[in-house]
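K.L.:
sequence first, then the predicted structure:
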Amino acid sequence: MLTVNDLMTAVPDTVTPSTPLRTVISIMKTRGYRQIPVLDNGKLVGIVTDRDIRLIMNSPVVLHDRTQDEELLTRVTAESCMTPNPVSVTPEMPAYRAAEMLSMYKFGALPVVESDTLVGIITTTDFLNYFSASTATREDNSTYQ
């Protein structure tokens, strides 16, 4: 049976609650992440998503100047905009159960925790990559039969 452990990204990048929003955005942007776990003394305390960041920043519809954005990026921390106590899964969980959770809750990712330690993250992209690779392999094999 396929498990979360088979698909997850092991030992993901993380930030601390005191990490400035500017740094969080920089990490997410340079690494192509849509979410990043927040650890406090090694314990998972939250997750920051691209949606959390959009909600904390001023709306482009509301008139404001660039200095207000700069102040937010410097003053706001990961703790201020994170989703606290995120839903998590274990590495042994069947992958299809994690996929059901992602779909049901409309999440983009789930932290993977074992014995109160973050060991990975599983994302919708992990499932899409697995599906794409397994489908391509099956189709390639059937072409040559």
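P.N.:
Done, it's in. Residues are numbered from 1 along each chain as shown.
K.L.:
from now on I want contacts and neighbour counts done on CA atoms only, so please keep to that.
P.N.:
Fine.
K.L.:
pretty sure Thr3 sits against Val89.
P.N.:
No: Thr3 is beyond contact range of Val89, at 10.6 Å (criterion: C-alpha atoms under 8 Å).
K.L.:
of those two, which one has the most company?
P.N.:
Neighbour count, other C-alpha atoms under 10 Å: between Thr3 and Val89, Val89 has more, with 22 against 16.
K.L.:
wait, the more buried one sits on Thr117?
P.N.:
No: using C-alpha under 8 Å, Val89 is not in contact with Thr117; the gap is 11.4 Å.
K.L.:
need the residues touching each of those two.
P.N.:
Here Val89 and Thr117 share no contacting residue, scored by C-alpha atoms under 8 Å, 6 or more residues apart in numbering.
K.L.:
what sits against the spatially most central residue of the chain?
P.N.:
In the chain, the C-alpha nearest the mean C-alpha coordinate belongs to Gln35, at 3.1 Å (C-alpha atoms, centre = their mean). By C-alpha under 8 Å, 6+ apart, the residues touching Gln35 are Met28, Ile47, Val48, Thr49, Asp50, Gly108, Ala109.
K.L.:
just the ones of those in helices?
P.N.:
Mapping the contacts of Gln35 onto helices (DSSP state H) picks out Met28, Asp50.
K.L.:
pick out the lowest-pLDDT one from the contacts of Gln35.
P.N.:
Here the lowest pLDDT out of the contacts of Gln35 sits on Asp50, with 94.
K.L.:
ok, now how distant is that residue from Leu7?
P.N.:
Asp50 is 22 Å from Leu7, where distance means C-alpha to C-alpha, to the nearest Å.
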